[in-house]
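Participant: here are the coordinates; sequence isn't available:
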């Protein structure tokens, strides 16, 4: 199924069986307009049905929320707001919940950093999140871990929607337009403006209704079992600690322009100096010193404050105050012995695909055939290829296939790489055949 314009909404409703919910806070229409949004366009959703709740910030207020949600029924819609781009940590600065019979609650986790008591109340219910993998880590820090999950973004991908953002799906399937003005706001600031709280509450206002519409569409397409496996995998992965990344400084934007091991050592030294300051301040690293400034200093290697402060990115007052820190980091890199300079990291797994033809033409041909299988099968089932199978899994399989290629060995390999049973069922035996087709000899001259 592909994204349809709002005018096609009623046709979609007849397929999914969903009925748009129209809160009284939506912009007024003539009384004879009925409950259905008109075909003229989506209805702007400007305030929650029961009004905008104030953040829960005390144990007694939390007890009241616990009682409400314990008495509620059905799935629990959840969302969390972080302060990415403003803070070093990825902690949650607001948690939103909604449940039938309980209404909406906004919880401030700054004075209430342990929400395990809430987890005890809602833990056995199905949790409904949009793009759950983004929020599960910060929710886990608060003691909130789902046992059952419905991810509306992932469900939309499996159902074949082209636009899978929350606002796009709410508009298409339910007929209401959500404003996303505050998605990149600094949610660590206090007090939170009323308009931000309204925005946060609306993010969970229709999430259960959206879940029902998507669930009906998945059922219609025969994909409910696939979705259940994917949701279970999201829960498993969300409970894992963040993966350690070796040499994180290599992800500095623009580092490809920095040539030579000594210059890369300057990037590394400046990156770690900035990271220490950012962690101490709980500030986003880019707000301490932009990546562009690190790259500029690594290229020029300034030796005095006057030269340093002429470089792009070093003009701000807070950056200038740390001039001695940046110069000391550059001095450290300058004094490193050659054996301590960065070396190219050992590559885990297969090389970049563009190098396969040169390094191993047979493997390159295998990869091309495997990719053709994935794209074809994904198209047949109206799936994004990356949701049918992880691209890295395909590369690893094609680069080093099992010694004896059979359906059994291919299944074992892909399971070890995290593939789910529904994916294996769709891709075998076509992938096995793609791995075993011999490379044709070059034509004779």
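Facilitator: Ah, there it is. Everything numeric here is computed off the predicted structure, so don't read it as measured data.
Participant: Do a quick rundown of the strands in the stretch 1-150 of the chain.
Facilitator: 43-44, 73-81, 94-100, 103-107, 126-129, 148-151 (DSSP state E, counting those that start in this stretch).
Participant: For the ones you listed, could you give me CSV that also reports mean pLDDT, mean neighbour count and distance to residue 433?
Facilitator: Where you see a C-beta, it was placed from the backbone N, CA and C, and this is true even at glycine. Converted to CSV, the strands of the stretch 1-150 of the chain look like this (pLDDT from 0 to 100; neighbours: other Cβ atoms under 10 Å; distance: least, Cβ to Cβ, whole Å):
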stretch, mean pLDDT, mean neighbour count, distance to residue 433
strand 43-44, 94, 18, 51
strand 73-81, 98, 22, 42
strand 94-100, 98, 23, 48
strand 103-107, 98, 22, 52
strand 126-129, 98, 25, 38
strand 148-151, 98, 23, 33
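Participant: List the contacts of residue 388.
Facilitator: By Cβ atoms under 8 Å, 6 or more residues apart in numbering, the contact list for residue 388 reads 374, 377-378, 381, 423, 426-427.
Participant: Can you add neighbour count and give those back as TSV?
Facilitator: Formatted as TSV, the contacts of residue 388 follow (neighbours: other Cβ atoms under 10 Å):
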residue	neighbour count
374	23
377	18
378	19
381	16
423	23
426	19
427	23
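Participant: closest to residue 132 among those?
Facilitator: Checking those against residue 132 by Cβ to Cβ gives residue 423 as the nearest, at 18.9 Å.
Participant: tell me which element the closest one is part of?
Facilitator: Element membership of residue 423, judged by DSSP states H and E, is helix 421-427.
Participant: now for that helix, which elements pack on it?
Facilitator: Helix 421-427 sits against helix 224-238, helix 361-380, helix 385-388, helix 407-416, with contacts defined as 3 or more Cβ pairs under 8 Å, 6 or more residues apart in numbering; DSSP states H and E.
Participant: Mind putting those helices into TSV with mean pLDDT and distance to residue 286?
Facilitator: Output for the helices and strands packed on helix 421-427, formatted as TSV (pLDDT from 0 to 100; distance: least, Cβ to Cβ, whole Å):
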stretch	mean pLDDT	distance to residue 286
helix 224-238	96	26
helix 361-380	97	35
helix 385-388	98	28
helix 407-416	97	37
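Participant: re earlier: quick one: contacts of the helix holding residue 423?
Facilitator: Helix 421-427 is contacted from outside by 225-226, 229, 373-374, 377, 381, 388-389, 411, 414-415, using Cβ under 8 Å, 6+ apart.
Participant: I'd like the next helix or strand past it.
Facilitator: helix 430-436.
Participant: And that next one, what does it pack against?
Facilitator: By 3+ Cβ pairs under 8 Å, 6+ apart, helix 430-436 packs against helix 361-380, helix 391-399, helix 407-416.
Participant: so what's the nearest residue to residue 308 once chain neighbours are set aside up against?
Facilitator: Once flanking residues are discounted, residue 308 sits nearest to residue 302: 4.2 Å by Cβ to Cβ, 6 or more residues apart in numbering. By Cβ under 8 Å, 6+ apart, the residues touching residue 302 are 308, 311, 327, 330.
Participant: From residue 266, how far out is residue 302?
Facilitator: 10 Å (Cβ to Cβ, to the nearest Å).
Participant: residues shared between the contacts of the two?
Facilitator: Contacts common to residue 302 and residue 266, judged by Cβ under 8 Å, 6+ apart, are residue 330.
Participant: So residue 294, which state does it fall into?
Facilitator: With DSSP: H, G, I helix; E, B strand; the rest coil as the basis, residue 294 sits in helix.
Participant: where does it sit relative to residue 116, distance-wise?
Facilitator: Distance of residue 294 to residue 116, computed by Cβ to Cβ: 40 Å.
Participant: Please identify which of those two sits among more neighbours.
Facilitator: Set residue 294 next to residue 116 and count neighbours by other Cβ atoms under 10 Å: residue 294 wins out with 29 against 11.
Participant: where does this protein dip in pLDDT?
Facilitator: 1-39, 239, 241-242, 438-445 (pLDDT under 70).
Participant: Could you rerun that using 50?
Facilitator: Flagging of the chain using pLDDT under 50 yields the residue ranges 1-20, 22-38.
Participant: In space, not sequence, find me the middle residue of it.
Facilitator: Geometric centre of the chain, nearest residue: residue 134, 4.4 Å, by Cα atoms, centre = their mean.
Participant: that's a strand at residue 208, yeah?
Facilitator: No. Residue 208 is assigned helix when assessed by three-state DSSP, not a strand.
Participant: How many residues are close by it?
Facilitator: 21.
Participant: which stretch among the helices and strands packed on helix 430-436 comes nearest residue 315?
Facilitator: Among the helices and strands packed on helix 430-436, helix 391-399 sits nearest to residue 315 (Cβ to Cβ), with 40.8 Å.
Participant: Please enumerate residues in contact with the closest one?
Facilitator: 349-351, 353, 356, 360, 363, 366-367, 370-371, 374, 385, 410, 413-414, 417-419, 431, 435.
Participant: Which among those residues count as buried?
Facilitator: Buried by 16 or more other Cβ atoms under 10 Å: 350, 353, 356, 360, 363, 366-367, 370-371, 374, 385, 410, 413-414, 419, 431, 435, out of the contacts of helix 391-399.
Participant: hang on, the earlier thing: can I get the contacts of residue 388 in JSON lines including distance to residue 176?
Facilitator: As requested, the contacts of residue 388 are exported to JSON lines (distance: Cβ to Cβ, whole Å):
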{"residue": "374", "distance to residue 176": "36"}
{"residue": "377", "distance to residue 176": "35"}
{"residue": "378", "distance to residue 176": "31"}
{"residue": "381", "distance to residue 176": "29"}
{"residue": "423", "distance to residue 176": "34"}
{"residue": "426", "distance to residue 176": "34"}
{"residue": "427", "distance to residue 176": "38"}
